[in-house]
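A.B. asks: Sequence first, then the predicted structure, then my questions.
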Amino acid sequence: MMLATMFKDALYLASPQRLLLILPLCLAVAVVYKTTRCADVKQVPMAALILWVTIVIGMYAVGVGLWLMYLLLA
């Protein structure tokens, strides 16, 4: 019954907490992608880190761009 309430009632997260939720998601995507693409396993950590930073910066840049467009058009 306790597990069902986790899905029924939304968990409140403050704005900074919501922004931080993208970090582990992007890290998981970067590690899985680079694990399938790199020929040598030793290259995976650095390649995944670079891809992770690229994805995070890109996602935040898109978010800021959309937010600014919303402010200009609203």
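C.D. replies: That came through fine.
A.B. asks: Buried ones in stretch 23-39, by neighbour count?
C.D. replies: Judged by neighbour count (16 or more other CB atoms under 10 Å), stretch 23-39 contains these buried residues: 26, 27, 30, 31, 34. (C-beta placed from N, C-alpha, C; glycine too.)
A.B. asks: Closest one of these to residue 46?
C.D. replies: Set against residue 46, the nearest of the buried residues of stretch 23-39 by CB to CB is residue 34 (9.1 Å).
A.B. asks: follow-up on the earlier one: of the buried residues of stretch 23-39, which is the nearest to residue 68?
C.D. replies: For the buried residues of stretch 23-39, the nearest to residue 68 is residue 26 (21.8 Å; CB to CB).
A.B. asks: ok, and the closest non-adjacent residue to the closest one?
C.D. replies: Closest residue to residue 26 apart from its sequence neighbours, by CB to CB, 6 or more residues apart in numbering: residue 55 at 4.5 Å.
A.B. asks: I'd guessed the one you found sits against residue 25; true?
C.D. replies: No: if you go by CB atoms under 8 Å, residue 55 and residue 25 don't touch, sitting 9.2 Å apart.
A.B. asks: middle-most residue in this protein, spatially?
C.D. replies: residue 22 (2.6 Å; CA atoms, centre = their mean).
A.B. asks: name the element the residue nearest to that one when sequence neighbours are not counted belongs to?
C.D. replies: Once flanking residues are discounted, residue 22 sits nearest to residue 59: 6.0 Å by CB to CB, 6+ apart. Taking DSSP states H and E as the criterion, residue 59 maps to helix 44-73.
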